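Student: I'd like to go over a predicted model; first the sequence, then the structure.
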Amino acid sequence: MFGFRKKSPAAAASDSDQTRARLDHGLKRTREGVFSQLRSLFGGDQQLDPGILDDFEDHLLTADLGIRVTTEIMDDIRARVRKKAITTPDQLMDELQAALIRILEPVCVPLEIPENSRPFLIMMIGVNGVGKTTTIGKLARLFMQQGASVMLAAGDTFRAAAIEQLQVWGERNQVPVISQVSGSDSAAVIYDALQSARARGTDILIADTAGRLHTRHNLMQELQKVMRVVDKFDSGLPRETLLVLDATTGQNALVQAQEFHQVVGITGIVLTKLDGTARGGIVFALARELGIPIRFIGVGEQLDDLRPFDAEAFVGALLMERS
Ligand SMILES: Nc1nc2c(ncn2[C@@H]2O[C@H](COP(=O)(O)OP(=O)(O)OP(=O)(O)O)[C@@H](O)[C@H]2O)c(=O)[nH]1
Ligand SMILES: [Mg+2]
């Protein structure tokens, strides 16, 4: 595991307060979209009749939890209501909270970067505009705060602006960016960057790639080629293939993840734009359908708007009561 710089207990506590506040703020739309209406379904009524449970189920479905997750949660809740193990709305909400956390826990696996890997390669992949390049900037910041040295590879050679955009993130973080002219071979840029990172003893190399639709066969093949070239550099190279998904796309994120996973094998997911969507329930569908670790979530456009994924904090921010 990468060596973290130790923080004083006070600094660590204020960090976690800040994280909670940002998460609460970021998930505002998802919370207010559907989750906050769950409790109001009961009105002043304390009875959990079947009609109310049906409405409850409909709400979970509209939050993009998906059929499978919703059915699983509701089967369990209905059984408990029948057995009188749940008799009040408060107990129902507690049960929902526990069920949601249970779904996320298996995918709540932090990205651990082994020491002495030099470089550890992080490949950023995903469809156009999901937030790959922005997330690279945020990740570089996070790793540097933890005391790692970072280098970036401008593997999106498709358009000139992409290289410049990455260079800006490089300057902000004061980390080197390896690039070639626009239009060069993406695999060659990443190979070059790997050589350079190894020569300099850099801890982490983060490679950008061009956005590509999961339905475009030739572009997906290009990604396979990049992976082969990485293997050629060092087949045992420790690496993470991070798929970036835009939470605002709802259920389509699930399809993207399945396709990318089939073609290149993803090892982790970053879910971005959770601050701009009411469809954050997609996290649960992703967890259940794919079981791939969700490493980070993006809750804004700024450098520090990236958080390691934390199941309890996430569910807490979705269900917290608004005054
Ligand atoms: N609100 C919000 N916006 C985000 C987040 N992450 C990225 N964005 C915005 O999404 C837009 C696209 O981000 P990019 O990083 O350029 O996306 P990309 O995947 O690299 O795009 P291509 O290279 O064109 O495929 C930018 O306007 C970012 O500021 C996030 O967590 N929240
Ligand atoms: Mg980009």
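Tutor: Perfect, thanks for sending it. Ligands and ions are numbered 1, 2, ... in the order given.
Student: What are the boundaries of the strands in the protein?
Tutor: In the chain, the strands defined using DSSP state E lie at 120-125, 150-153, 177-178, 204-207, 239-246, 268-272, 294-298, 306-308.
Student: Just give me the lowest mean pLDDT stretch among the ones you listed.
Tutor: Mean pLDDT values for the strands of the chain show the minimum at strand 306-308, a mean of 93.
Student: could I get the strands of the chain as CSV with distance to A140 and mean neighbour count?
Tutor: Every residue, glycine included, has its C-beta placed from N, CA and C. Shown next, in CSV, are these (distance: least, CB to CB, whole Å; neighbours: other CB atoms under 10 Å):
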stretch, distance to A140, mean neighbour count
strand 120-125, 10, 25
strand 150-153, 5, 26
strand 177-178, 10, 22
strand 204-207, 6, 28
strand 239-246, 13, 24
strand 268-272, 13, 25
strand 294-298, 13, 24
strand 306-308, 10, 19
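Student: Nearest approach to D75 belongs to which of those?
Tutor: Counting by CB to CB, D75 lies closest to strand 294-298 out of the strands of the chain; the figure is 24.3 Å.
Student: Compare the strands of the chain and give me the one nearest ligand 1.
Tutor: In terms of CB to the nearest ligand atom, the element of those nearest to ligand 1 is strand 294-298, at 2.7 Å.
Student: So is that closest one next to ligand 1?
Tutor: Yes - judged by CB under 6 Å from any ligand atom, strand 294-298 comes into contact with ligand 1 through G298.
Student: and that strand, what does it pack onto?
Tutor: Judged by 3 or more CB pairs under 8 Å, 6 or more residues apart in numbering; DSSP states H and E, strand 294-298 is in contact with helix 132-145, strand 268-272, helix 282-290, strand 306-308.
Student: Relative to ligand 2, which of these is closest?
Tutor: helix 132-145 (3.3 Å; CB to the ion).
Student: got a markdown table for the strands of the chain, with distance to Q262 too?
Tutor: As requested, those are exported to a markdown table (distance: least, CB to CB, whole Å):
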| stretch | distance to Q262 |
| --- | --- |
| strand 120-125 | 13 |
| strand 150-153 | 24 |
| strand 177-178 | 29 |
| strand 204-207 | 21 |
| strand 239-246 | 12 |
| strand 268-272 | 15 |
| strand 294-298 | 19 |
| strand 306-308 | 26 |
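Student: contacting residues around A287?
Tutor: With contacts taken as CB atoms under 8 Å, 6 or more residues apart in numbering, A287 has the following neighbours: 103-104, 106-107, 294.
Student: now, among the residues you listed, which is nearest to ligand 1?
Tutor: Among the contacts of A287, I294 lies closest to ligand 1 (CB to the nearest ligand atom), at 13.7 Å.
Student: Buried among the contacts of A287? Make that a PyMOL selection.
Tutor: The PyMOL command for the buried members of the contacts of A287 (criterion: 16 or more other CB atoms under 10 Å) is given here:
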select buried, resi 103+104+107+294
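Student: quick revisit: wait, which of the helices and strands packed on strand 294-298 is closest to I190?
Tutor: With CB to CB as the measure, helix 132-145 is the member of the helices and strands packed on strand 294-298 nearest I190 (13.1 Å).
Student: Other residues contacting that closest one?
Tutor: Helix 132-145 is contacted by residues 2, 5, 113, 122, 124-126, 150, 152, 156, 162, 165-166, 169-170, 172-173, 175, 203-204, 206, 208-209, 211, 242, 244, 270, 272, 296, 298, 301, 303-306 when judged by CB under 8 Å, 6+ apart.
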